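**Student:** Mind folding the following:
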Amino acid sequence: MFRTSTFNSASLSRRSVVGLGALGAVGLAAALAGCGSSTGEKAAPGAAGSDTPSYYPADYSKLIDASKAEGGALAIYSNTDQENWAPILRDFKAKYPWTKVSADNLDSDEVFQRQLSESATGKAPADMLVSNAVQAWASYASKPDSLMAYDSPETKELPELAQLMPNVWAMSLDPVGIAYNSALMKEAPTSIADLAKTVSADTGKYKNKITTRDVKGAWGFSVSHAFTEGNTAAWTGLDEILPTARPETSSGTQKEKILSGEYLAGFFISSAVGYPAEKASGGLIKFVLPKDGTVVLGRGIGITPKAPHPATAKLFLDFVLSEAGQNAVAEGGLSSYRENVELTEGRHTYQEVEKLAGKDGIIRVPYKVVPEAEVTAFVSKWNAKLGN
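**Tutor:** Just a heads-up that it's a prediction; the model follows:
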């Protein structure tokens with residue numbers, strides 16, 4: 001049923017969803033490039049600094065000095081919650097004390113709409129964009145001069161999947177799962193098919209009590225479309241679930257309504273919300289990865305073409321991709337993907353997702369634009385199945 005993918009410490013291959021525009025097979029069956037022992041090595045004295053890895057440019061200190069001259073301010077437009085950002089911003093400031101980062105939490109589509117509208121006026125205050133709305137990112141980044149060209153020294157230390165598009169990297173690789181109220185649903189739905197079986201056994205109980213993401217938004221479309229492309233039996237289960245479901249525009253709203261009991265469960269919930277919600281609720285909300293296909297989205301990060309603080313933006317990007325940055329990413333509830341991330345309680349990684357979902361159960365979503373006609377047809381089909 002699935003196209004295969006493997007990911008381990010020795011080798012990596014990517015399971016690609018076909019049909020998302022001209023995706024092609026972004027094949028990865030090569031050894032991990034540059035994940036060797038140099039990650040933890042320090043620069044020679046007098047190079048870029050005593051705490052800078054040896055593989056950084058010898059003149060990296062000039063970038064640090066330029067950030068100081070900029071004043072260290074940094075503005076990020078993102079669709080990422082503050083609880084996810086907190087450890088990243090804390091550790092970045094600890095490393096570069098003169099910096100001050102502002103990370104807005106916008107809707108998935110708003111990240112790019114705001115950047116484009118402000119750029120049109122000639123006043124674009126954002127230095128960086130961060131979002132896991134694949135369709136919106138791919139559409140934005142495919143335009144000329146939409147991003148600043150930068151060759152991060154961390155890139156060669158990362159697996160190939162870290163580069164989502166030219167000048168767009170994965171800050172995290174976040175799975176999409178099922179969240180449910182454990183006080184109201186005694187048995188965990190282990191897959192979309194399993195949830196469909198539960199719903200069809202008691203449609204009266206579950207009518208308007210299931211939530212999913214609005215597919216008219218870029219994020220909701222990306223995950224829903226990817227699941228149907230990556231699982232040949234997807235519509236069998238969805239045909240049972242969707243008549244009982246109501247769409248929401250954010251995982252945060254879904255979380256709150258599942259917690260209150262307005263919804264019993266939700267599917268295609270971002271782990272960036274699901275993992276922290278499970279911890280914060282003391283297990284009242286449970287978050288599981290569907291065994292019949294777990295969609296994984298890269299949370300893209302890139303520097304705007306006319307960033308007011310380009311040096312600080314480059315420092316921030318390098319930090320996020322570094323071993324220290326990826327540890328902070330995991331601490332904040334996102335799923336890091338770099339080797340040597342400390343796996344303490346509450347931290348999650350792509351490798352863990354593969355273990356839980358199964359190596360053949362991961363559906364990765366390449367950053368490619370889906371043709372508008374295909375989007376329209378999918379949205380119409382999906383919404384026609386939703387209940388009133």
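
**Student:** Give me the most central residue, the protein.
**Tutor:** Nearest residue to the geometric centre of the chain (CA atoms, centre = their mean): Arg299, 3.1 Å.

**Student:** looking at this, that one is in a helix?
**Tutor:** No. Counting by DSSP: H, G, I helix; E, B strand; the rest coil, one finds Arg299 to be strand, located in no helix.

**Student:** What's the per-residue pLDDT of it here?
**Tutor:** The model reports Arg299 with a pLDDT of 96.

**Student:** Likewise for Ala48?
**Tutor:** Predicted confidence (pLDDT) for Ala48: 39.

**Student:** Name the SS class of Asp104, please.
**Tutor:** strand.

**Student:** Okay, and the nearest residue to it once chain neighbours are set aside sits in which element?
**Tutor:** Sequence neighbours aside, Tyr77 is the residue nearest to Asp104 in space, at 5.5 Å (criterion: CB to CB, 6 or more residues apart in numbering). Any C-beta I mention is one placed from the backbone N, CA and C, and that applies to glycine too. Assigned by DSSP states H and E, Tyr77 falls within strand 73-78.

**Student:** got a list of contacts for that strand?
**Tutor:** The contact list for strand 73-78, computed with CB atoms under 8 Å, 6 or more residues apart in numbering, reads 85, 99-106, 111, 114-115, 125-131, 308-309, 312-313, 316.

**Student:** buried subset of these?
**Tutor:** Neighbour counting with 16 or more other CB atoms under 10 Å marks 85, 99, 101, 103-106, 111, 114-115, 126-131, 308-309, 312-313, 316 as buried within the contacts of strand 73-78.

**Student:** So which of those residues are in strands?
**Tutor:** Of the positions in the buried ones among the contacts of strand 73-78, 101, 103-105, 128-131 sit in strands, assigned by DSSP state E.

**Student:** okay if I get those residues as CSV plus distance to Glu331?
**Tutor:** As requested, these are arranged in CSV below (distance: CB to CB, whole Å):
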residue, distance to Glu331
Val101, 16
Ala103, 16
Asp104, 21
Asn105, 18
Met128, 20
Leu129, 22
Val130, 17
Ser131, 21
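
**Student:** Please identify which of those is nearest to Leu284.
**Tutor:** Nearest to Leu284 among those, counting by CB to CB, is Asn105 at 23.7 Å.

**Student:** Tell me both backbone torsions, phi and psi, for the closest residue to Leu242 other than its chain neighbours.
**Tutor:** Of all residues not flanking Leu242 in the chain, Lys385 sits nearest, at 3.9 Å (CB to CB, 6+ apart). Main-chain torsions, Lys385, degrees, to the nearest 10: phi -90, psi -20.

**Student:** Please determine how far Lys385 is located from Ile301.
**Tutor:** 34 Å (CB to CB, to the nearest Å).

**Student:** More neighbours: which of those two?
**Tutor:** Neighbour count, other CB atoms under 10 Å: between Lys385 and Ile301, Ile301 has more, with 26 against 14.

**Student:** Name the nearest residue to that one, sequence neighbours excluded.
**Tutor:** Met171 (4.4 Å).

**Student:** Before we move on, what's the pLDDT of Glu110?
**Tutor:** 90.

**Student:** Now for the nearest residue to it once chain neighbours are set aside, how many residues are close by?
**Tutor:** Nearest residue to Glu110, sequence neighbours excluded (CB to CB, 6+ apart): Asn79, at 7.7 Å. Asn79 has 26 neighbouring residues, counting by other CB under 10 Å.

**Student:** element containing Arg90, please.
**Tutor:** Using DSSP H and E, Arg90 falls within helix 82-95.

**Student:** Need the contact partners of that helix.
**Tutor:** 51, 78, 99-101, 103, 105, 272, 276, 316, 319-320, 324-325, 327-329, 331-334.

**Student:** can you give me the mean pLDDT across the strand or helix carrying Ser380?
**Tutor:** Assigning secondary structure by DSSP H and E places Ser380 in helix 372-385. Computed over helix 372-385, the mean pLDDT rounds to 97.

**Student:** That helix packs against which elements?
**Tutor:** helix 218-230 (3 or more CB pairs under 8 Å, 6 or more residues apart in numbering; DSSP states H and E).

**Student:** in the helix or strand that the helix it packs on is followed by, what's buried?
**Tutor:** Once the chain leaves helix 218-230, the next helix or strand it forms, by DSSP H and E, is helix 234-241. Buried positions in helix 234-241, judged by neighbour count with 16+ other CB under 10 Å: 234, 237-238, 240-241.

**Student:** how much space between His309 and Ser102?
**Tutor:** Distance from His309 to Ser102, counting by CB to CB: 11 Å.

**Student:** quick one: average confidence on stretch 64-76?
**Tutor:** In this model, stretch 64-76 has a mean pLDDT of 96.

**Student:** Please disregard the earlier target; I meant stretch 316-323.
**Tutor:** Per-residue scores along stretch 316-323 average to 97.

**Student:** what comes into contact with it?
**Tutor:** 39-40, 53, 56, 74, 88, 91-92, 95-96, 99, 101, 128, 150, 152-155, 157-158, 162, 169, 171, 301, 303, 325-326, 329, 338, 340-341.
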